[in-house]
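Novice: Show me the folded form of this:
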Amino acid sequence: MRAIWLSGPEWLAVLRIGLGLWWLESWRHKDKKAWFARGTGIAWAADVAERHRWPFVRTGFAAVVAPRPRLMAYVVVYAELALGLGLVTGLLTPVALVGGLLLNLLYLVLMIHDWAEQGQNAMMALISVVAFFAVSWQTWSLDDAFGLFR
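Specialist: This next block holds a predicted model:
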């Protein structure tokens, strides 16, 4: 593979790290006090799910998220932090890539009506797939340093 400035594996590491920074920014800009104390994030998602065109989204949200809004707020917020840290440092990278892909797909399905969110989640999901199948943890990662996932 020919590449300019960096090698192919190094460019894939840049892509992986960039995705991790995207997750960290998603975590950073959340108003944690509003999410945890007032439940704003889950309340917003509940409103979106309630009006969703697909019945399985409404019933799934009602069964999994609605009964435990406080727990789910912590899960969402700290999942984004864990994904970001894992991808930037390259620690447990395949797990973080698959977890991020699943979270992006959940966001994509929940926010099917929001075109701005669709683009962001589709691109993040695509990067996760490319970074996973290109084994992006082989360069500039703790996984490589520790000999994991070889």
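Novice: in this protein, which spans are helices?
Specialist: With DSSP state H as the definition, the chain shows helices at residue ranges 8-28, 32-33, 40-50, 55-64, 69-89, 93-110, 115-133, 142-146.
Novice: contacting residues around His52?
Specialist: Contacts here follow C-beta atoms under 8 Å, 6 or more residues apart in numbering; on that basis His52 touches 58, 61, 110, 112. No exception for glycine: its C-beta is placed from N, CA and C like everyone else's.
Novice: For ChimeraX, write the select line for the buried members of the residues you listed.
Specialist: One line in ChimeraX is enough to select the buried ones among the contacts of His52; burial here means 16 or more other C-beta atoms under 10 Å:
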select :58,61,110
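Novice: With respect to Val77, which of the contacts of His52 is nearest?
Specialist: Distances from those to Val77 were compared by C-beta to C-beta; the smallest belongs to Leu110, at 15.8 Å.
Novice: Find the nearest non-adjacent residue to that closest one, please.
Specialist: Closest residue to Leu110 apart from its sequence neighbours, by C-beta to C-beta, 6 or more residues apart in numbering: Val48 at 5.9 Å.
Novice: So for the protein, the centremost residue is which one?
Specialist: Nearest to the geometric centre of the chain sits Gly100, at 3.4 Å (C-alpha atoms, centre = their mean).
Novice: want to throw the helices of the chain into JSON lines with distance to Arg2 and mean pLDDT?
Specialist: JSON lines is the format used below for the helices of the chain (distance: least, C-beta to C-beta, whole Å; pLDDT from 0 to 100):
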{"stretch": "helix 8-28", "distance to Arg2": "8", "mean pLDDT": "97"}
{"stretch": "helix 32-33", "distance to Arg2": "45", "mean pLDDT": "93"}
{"stretch": "helix 40-50", "distance to Arg2": "44", "mean pLDDT": "92"}
{"stretch": "helix 55-64", "distance to Arg2": "44", "mean pLDDT": "93"}
{"stretch": "helix 69-89", "distance to Arg2": "26", "mean pLDDT": "97"}
{"stretch": "helix 93-110", "distance to Arg2": "25", "mean pLDDT": "96"}
{"stretch": "helix 115-133", "distance to Arg2": "18", "mean pLDDT": "91"}
{"stretch": "helix 142-146", "distance to Arg2": "23", "mean pLDDT": "97"}
